[in-house]
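Colleague: Okay, structure incoming, though there's no sequence with it:
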């Protein structure tokens, strides 16, 4: 019976090539989008799964506000290095604890030089203590975990980096020179191990792991802190609730003792809602819980919803196209029932047809995935693969479940409907009693168009918001401005100033693409205010091209500007009051009280994405711009023809720092990077929108065929009685127009809620636009009428004799 059903299903699909092709292409598009999401989810869930021993590894997080983007307290993965010793001494179940230098997003890595070779920049070269490989169980290809970091001045390489540096992994005992920053003389480190690159991604990732000795000791000054990541390996998997209660008690006792040495009370140190805290989270949860940014699960929710909707549209299309053929299949069902076929046998036959189409669609989706995955990887900065995936068999199992689900969703209703025909009625030519579920088919078309119209409105609104952000005044002039990823140094700065075409050379701690905020509590007219502080050189604000709203900027001719003069941005000036130029405020520094005078107010300028409001900020100058450790060196050019000037800058750099390659970017590139995520998401929604509209039109086309065939005799009678072709077309369009208008009425509030929620994620946004709603309605109605009219015209111009000659 199975073989017979398979043969019949195959012949029926070949007989109806057009419907089969539309079904398969539609389903394959929906499946392709869904499988891409499955690939991404499996990739994200695979973090830190490369060794079973990692189940007992935990990351320690401290509750503090150091180096936060909003100057607020967060659970951070960067802890005071003393926390490692605290956990090691006071947590009995800790088998090993390690300190790992934090990974920072700015910079282009460290320079690594081998004998007789040019230096190369390598990212994720990190410093650790001797216990790192006692916590993380890497597979050593050369050397061993017990001794690899037992001595300072040693380095362990990943296999991929060893091949890149030496062309082989047999590198034990070789020496490499690591230069951390441009003025660093470098340190020679001996290669003591080579580890295999794990198959799955890692949270505590590295390309090279050094032990310089810097992580072996804590600062001597009790008021100084050295921040790093801390990981602990426990003797068994622990209940994190109980574990964190223990850590919290240990931490509070430690903070009390530490603050007592500084003659400060715990309650006086933690004010304004700040609270002490220490906790551990399992390593497998680290990637899904970043300290400041939205986790991948939250980011993926709208993408998952969109892919599900697209798959449902594909399934809906399948159902509509299957029911559109019901007139043709009615007599077949009637004859089989007369010959003794049972309903369950007919259902099995129709489900077999659905299964054949689903499996072909699944294979076609794999072809689409292989073709599109390079674009997908490039767009989302991933390294996904299908056949080379380490979770290949898991994905195959998921696809098998998807195949079963799609087959049942798409095939069961048509199978049940077709197998339920009354054989006597259909063999007499009366299909009306056999054709049920018109209301459901109409509802499916409405459902399709609700999704499509929602997509169209959302894409248009996102485009308007993106255009608004692209054209918004940033508060500074980003053209002809480059940022060299280095600290300010007088000799190099003076060399650059002598290059023709260079107008300013400066530094600041706050710049688009690389900003770190330092909070400070000030006292102004008896009120305590928390503001952000930014340190700059004299030329930094002119180099940025900021707009002065009141007063003046810093001047090299005024010595007082390097002592206690400050400039405010508009946000800070609004917070403090009006007419701020000439006003003073106080800052408590240990037992001293320092006074600062406001000399100017500048327009707010953006240094982060538009999701965040510009912080109320104080700008001040000290001898070296407040801090020389900014990793920002601004160079303002006088011409758009920057290639020749940049070559001269590179030559000056190479002359001073031959072992450290220069790294820089333009502010235009930095702005593009800030906009990248939003543009990527908008493009993805646009792509899904096009796919959903296409599939919805196919669904509408299928239903128009169904309705036209069902009303063939009615149309013929109307023509005989004198109806014109235009009247026939209008008659058929009328019912479909009602469906599309209904879909628009349902889609509008849905789209409004979606767009409002999305726009609420931006501190700077457009008002809710009306144009996308009107445009989507006009477009959807127009293309629906055109689609239906094609089939309606065909019915209208047909000869009525053909439909009525057997009556």
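Modeller: Sure, I can see it. Note that the coordinates shown come from a computational prediction; the quantities given were computed from them, not determined experimentally.
Colleague: going forward, measure contacts between C-alpha atoms and count neighbours the same way
Modeller: OK.
Colleague: tell me the strands in the stretch 451-600 of the chain, going along the chain?
Modeller: Counting by DSSP state E, counting those that start in this stretch, one finds strands in the stretch 451-600 of the chain at the ranges 481-484, 502-506, 518-524, 527-536, 548-551, 565-569, 584-589, 592-602.
Colleague: Could you save those strands as CSV and add columns showing mean neighbour count and mean pLDDT?
Modeller: Formatted as CSV, the strands of the stretch 451-600 of the chain follow (neighbours: other C-alpha atoms under 10 Å; pLDDT from 0 to 100):
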stretch, mean neighbour count, mean pLDDT
strand 481-484, 22, 91
strand 502-506, 22, 92
strand 518-524, 17, 84
strand 527-536, 18, 87
strand 548-551, 16, 93
strand 565-569, 25, 93
strand 584-589, 15, 84
strand 592-602, 18, 89
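Colleague: okay, those in a markdown table with distance to residue 699 next?
Modeller: A markdown table is the format used below for those (distance: least, C-alpha to C-alpha, whole Å):
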| stretch | distance to residue 699 |
| --- | --- |
| strand 481-484 | 52 |
| strand 502-506 | 61 |
| strand 518-524 | 57 |
| strand 527-536 | 56 |
| strand 548-551 | 59 |
| strand 565-569 | 56 |
| strand 584-589 | 68 |
| strand 592-602 | 57 |
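Colleague: can you pull the contacts of residue 214?
Modeller: With contacts defined as C-alpha atoms under 8 Å, 6 or more residues apart in numbering, residue 214 is in contact with residue 127.
Colleague: Look up the pLDDT of it for me, please.
Modeller: pLDDT, residue 214: 87.
Colleague: One more: residue 806?
Modeller: pLDDT, read off for residue 806, is 49.
Colleague: With residue 392 instead?
Modeller: pLDDT, residue 392: 85.
Colleague: residue ranges of the helices in the stretch 151-300 of the chain, please?
Modeller: 159-166, 240-261, 266-269, 296-324 (DSSP state H, counting those that start in this stretch).
Colleague: most packed of the ones you listed?
Modeller: Looking across the helices of the stretch 151-300 of the chain with neighbours counted as mean count of other C-alpha atoms under 10 Å, the highest average goes to helix 296-324: a mean of 21.
Colleague: pLDDT on that one, on average?
Modeller: For helix 296-324, the mean per-residue pLDDT is 79.
Colleague: distance between the helix ranked longest in the chain and the chain's centre?
Modeller: Looking across the chain with DSSP state H, the single longest helix is helix 667-710. Here the centre of helix 667-710 is set off from its chain's centre by 19 Å, with C-alpha atoms, centre = their mean, to the nearest Å.
Colleague: who does it touch, helix- and strand-wise?
Modeller: helix 17-45, helix 296-324, helix 438-471, strand 481-484, helix 771-796 (3 or more C-alpha pairs under 8 Å, 6 or more residues apart in numbering; DSSP states H and E).
Colleague: worst average pLDDT in these?
Modeller: Mean pLDDT across the helices and strands packed on helix 667-710 is lowest at helix 296-324; the value there is a mean of 79.
Colleague: circling back: I'd like the helices and strands packed on helix 667-710 written out as a markdown table, with distance to residue 180 added.
Modeller: Output for the helices and strands packed on helix 667-710, formatted as a markdown table (distance: least, C-alpha to C-alpha, whole Å):
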| stretch | distance to residue 180 |
| --- | --- |
| helix 17-45 | 31 |
| helix 296-324 | 31 |
| helix 438-471 | 36 |
| strand 481-484 | 15 |
| helix 771-796 | 51 |
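Colleague: Which of the ones you listed sits closest to residue 672?
Modeller: When the helices and strands packed on helix 667-710 are compared by C-alpha to C-alpha, helix 438-471 sits nearest residue 672, at 8.9 Å.
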